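A.B. asks: Here's my sequence, what's the structure:
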Amino acid sequence: LIIILIGRMTKPEEILIRENEHGEIIREKTLDTDSIVLYEKMKNIILVLARLDSDFTQHVILKKLSLQFEKHRWNRKDLNSICWSVGSLSGILSLEEEKRFLVSIIKDLLYLCELKKGKDNKAIIASNIMFVVGAYPRFLQDHWKFLKTVLQKLFEFMKENHPGIQDMACDTFLKITKSCTQTIVS
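C.D. replies: Residues are numbered from 1 along each chain as shown. A predicted model of the protein is given here:
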């Protein structure tokens, strides 16, 4: 069940871009309440299953993400589902597990961003990076240097003129500053 859910995770409300029927990346705010409800239900099921076996859940996610490096397996929709599932695990892993898992995910996403050509591919990867880091405030609060790097990257994304990336960078910045105020101020 976890394999199917990770492969079919629906778009969370925070994601402001999507791929249209022509393969172009466009800005889109999710207003469809059915989609939002479905995302929340899928997220809750993933949480329950991950609590039962977090090692297996992490393994499935990391394996699916590693397949994105294979040229014939690269798929924006699959990458989105994987990353949206990663966001679902926030807060249920131990601090050490969360650190190891999140660092691995971010490293893979950054490397994937280097490998992939095209503004649309990079926009999809950037939106996933923003979603993932925004979902893990506990990790950001405990790792100032990483938080500082994330904030600098968000400022870079705010200058991007790809549809939806600027808005998503601003939303993610606001979300992070609200959840990490004490860390940022001190």
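
A.B. asks: From L174, how far off is the residue of the chain most remote from its centre?
C.D. replies: The centre of the chain is farthest from one residue, S186, which by CA atoms, centre = their mean lies 26.8 Å away. S186 is 19 Å from L174, where distance means CB to CB, to the nearest Å. Placement of C-beta: from N, CA and C, glycine included.

A.B. asks: Repeat that for S35.
C.D. replies: In terms of CB to CB, S35 sits 22 Å off from L174.

A.B. asks: And G91, by the same measure?
C.D. replies: Distance of G91 to L174, given as CB to CB: 20 Å.

A.B. asks: cool, and L109?
C.D. replies: L109 sits 21 Å away from L174, taking CB to CB as the criterion.

A.B. asks: More neighbours: these two, which one.
C.D. replies: The neighbour comparison of L109 against L174 (other CB atoms under 10 Å) goes to L109, with 21 against 12.

A.B. asks: In contact with that one, which residues?
C.D. replies: 65, 83, 125, 128-129, 132 (CB atoms under 8 Å, 6 or more residues apart in numbering).

A.B. asks: Kindly report the same for E19.
C.D. replies: The contact partners of E19, taken as CB under 8 Å, 6+ apart, are 25-26, 76-77, 120, 124.

A.B. asks: Highest neighbour count among those residues?
C.D. replies: Greatest neighbour count in the contacts of E19, by other CB under 10 Å, goes to I124: 26 neighbours.

A.B. asks: Contacts only, for it.
C.D. replies: 17, 19, 25, 76, 79-80.

A.B. asks: Tabulate these (TSV), appending pLDDT and distance to M168.
C.D. replies: What follows is the contacts of I124, written out as TSV (pLDDT from 0 to 100; distance: CB to CB, whole Å):
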residue	pLDDT	distance to M168
I17	84	7
E19	86	15
I25	87	12
R76	95	15
L79	97	16
N80	96	13
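
A.B. asks: ok, I46 touching V86?
C.D. replies: No - judged on CB atoms under 8 Å, I46 makes no contact with V86 at a distance of 9.8 Å.
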